[in-house]
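**Q** A structural model of the following input is requested.
(chains A, B and C)
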Amino acid sequence: MPLDEKAQLLRVFIGESDRHGGKPLYEAIVLAARHRGMAGATVLKGMMGYGHSSRLHTASVLRLSEDLPVVVEIVDRPDRIEAFLPELSEVVDGGLITVEEVRVVRYGKEAT
Amino acid sequence: MPLDEKAQLLRVFIGESDRHGGKPLYEAIVLAARHRGMAGATVLKGMMGYGHSSRLHTASVLRLSEDLPVVVEIVDRPDRIEAFLPELSEVVDGGLITVEEVRVVRYGKEAT
Amino acid sequence: MPLDEKAQLLRVFIGESDRHGGKPLYEAIVLAARHRGMAGATVLKGMMGYGHSSRLHTASVLRLSEDLPVVVEIVDRPDRIEAFLPELSEVVDGGLITVEEVRVVRYGKEAT
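**A** Numbers count the residues shown, from 1 in each chain, chains lettered A, B, ... in the order given. Predicted structure coming up:
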């Protein structure tokens, strides 16, 4: 039976076409997370959305846009998420960053 | 260092082929959210799933279905999420709506 | 006005190419969930990510990989999620499983 461990889920809502340092912003975030040794990162691609700018993004045939929303997700220990936030805020110019409490039930080959 | 702000993440689990008022339901939800001035909305497309109806939806070659799951996500202040729920419930005929607590770390150009 | 019900969101972070019993692992999880009568399951496909193994997965043209991340999501009552965890842990060899608290605002045709 796996043990419980308190963790946090960091989510970054940005545009697919947002860029940082010559590469897609979502990629820059994933690379920064990996460079920092964060446990993992996942980029989910949205098919429609709008954000802070109130521009409407959609992948529909009628109103095709290059700037679809993406969500970058990182799960790690609370102290490690907290330590990553300042670096992340530097990179994410305009976008929503949320943190929520999660319980890690299992990670990797053995229960944690 | 960014300030913390309590917020809520609203998630709506529906089918991609669900419709409302002549348009896709996910689009109707995004437009309703924008019309109401909600801070943002993101539609994530699933590749497989089943829901309330226990029908199995999948994008695999073998069992292709038009009714893949989609998840609409809206993050805003708790009072604004709460106020949006009755309107949302009118539109979402059959589908799962969940609300969870999140902390907004950063939003837009300046820390919040 | 819909009632509130405490529920849990179970999320499984795995690779798209992970397999179990001759089929994709995400499909095996969805089928196990349905067989057990869980309320629903949704598979979200990632476009980039890395995990426990620190291998970098991406769908970009430059570094195409077959092992993109997927996230399987299941929402149900806490006791039912808890009861599903041992079976799930058997199947998920290497991967992250998280559980978080959510509030079900509406489910199916009538408010719950």
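
**Q** pLDDT weak spots in chain A?
**A** Along chain A, segments meeting pLDDT under 70 span A:1-4, A:52-66, A:107-112.

**Q** ranges for the strands of it?
**A** Remark: strands assigned in chain A by DSSP state E are A:5-15, A:19-20, A:23-24, A:41-50, A:56-58, A:69-76, A:96-107.

**Q** Which strands border the first one, and is each parallel or antiparallel?
**A** Meaning strand A:5-15. Here strand A:5-15 has these sheet partners by DSSP bridges: strand A:69-76 (antiparallel), strand A:96-107 (antiparallel).

**Q** Can you pull out the residues in contact with the first one?
**A** Counting by CB atoms under 8 Å, 6 or more residues apart in numbering or on different chains, strand A:69-76 makes contact with A:7-16, A:26, A:29-30, A:33, A:38-46, A:48-49, A:51, A:57, A:81, A:84, A:102, A:104, B:42-44, B:73, C:13, C:47, C:71, C:96, C:98, all of which sit outside it. Using the backbone N, CA and C atoms, a C-beta is placed for each residue, glycine as well.

**Q** can you check stretch A:31-45 too?
**A** By CB under 8 Å, 6+ apart, stretch A:31-45 touches A:16, A:23, A:26, A:29-30, A:68, A:70-77, A:80, A:84, A:87-88, A:91, A:107, B:44-45, C:13, C:44-52, C:54, C:56, C:69, C:71, C:96.

**Q** Pick the most deeply packed of the strands paired with strand A:5-15.
**A** Burial of those is given as mean neighbour count (mean count of other CB atoms under 10 Å in any protein chain shown); strand A:69-76 ranks first at a mean of 24.

**Q** Can I get it in PDB, CA atoms only?
**A** Output in PDB follows, covering the C-alpha atoms of strand A:69-76 (Å, rounded to 0.1, in the frame of the first residue of the first chain):
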ATOM      1  CA  PRO A  69      -3.500  27.900 -25.200                       C
ATOM      2  CA  VAL A  70      -1.100  25.500 -23.600                       C
ATOM      3  CA  VAL A  71      -0.800  24.400 -19.900                       C
ATOM      4  CA  VAL A  72       2.500  23.400 -18.400                       C
ATOM      5  CA  GLU A  73       2.200  21.100 -15.400                       C
ATOM      6  CA  ILE A  74       4.900  20.400 -12.800                       C
ATOM      7  CA  VAL A  75       4.400  18.200  -9.700                       C
ATOM      8  CA  ASP A  76       7.100  18.300  -7.000                       C
END
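
**Q** sorry, back to before: which among the contacts of stretch A:31-45 end up buried?
**A** Neighbour counting with 16 or more other CB atoms under 10 Å in any protein chain shown marks A:16, A:26, A:29-30, A:68, A:70-76, A:80, A:84, A:88, A:91, A:107, B:44-45, C:13, C:44-52, C:56, C:69, C:71, C:96 as buried within those.

**Q** Run a quick neighbour tally on A:P78.
**A** Close neighbours of A:P78, defined as other CB atoms under 10 Å in any protein chain shown, add up to 12.

**Q** check contacts around it.
**A** Each residue near A:P78 by CB under 8 Å, 6+ apart is listed here: A:K6, A:A7, A:Q8.

**Q** Name the member of these that has the highest neighbour count.
**A** Within the contacts of A:P78, most neighbours by other CB under 10 Å means A:A7, with 24 neighbours.

**Q** Bridged to the residue nearest to it when sequence neighbours are not counted, which residues?
**A** Spatial nearest neighbour of A:A7, chain neighbours left out: A:V104 (4.6 Å); criterion: CB to CB, 6 or more residues apart in numbering or on different chains. Judged by DSSP bridges, the bridge partners of A:V104 are A:E5, C:T98.

**Q** cool, and A:K45?
**A** A:V70.

**Q** And A:K23, by the same measure?
**A** Counting by DSSP bridges, A:K23 forms beta bridges with A:H20.

**Q** Grab the longest helix from chain A for me.
**A** helix A:78-91 (DSSP state H).

**Q** That one: how far from the chain's middle?
**A** The chain centre lies 12 Å from the centre of helix A:78-91; the measure is CA atoms, centre = their mean, to the nearest Å.

**Q** Now do that helix and strand A:5-15, the angle between them.
**A** 10 degrees (axes from the mean of the first three to the mean of the last three CA atoms, to 10 degrees).
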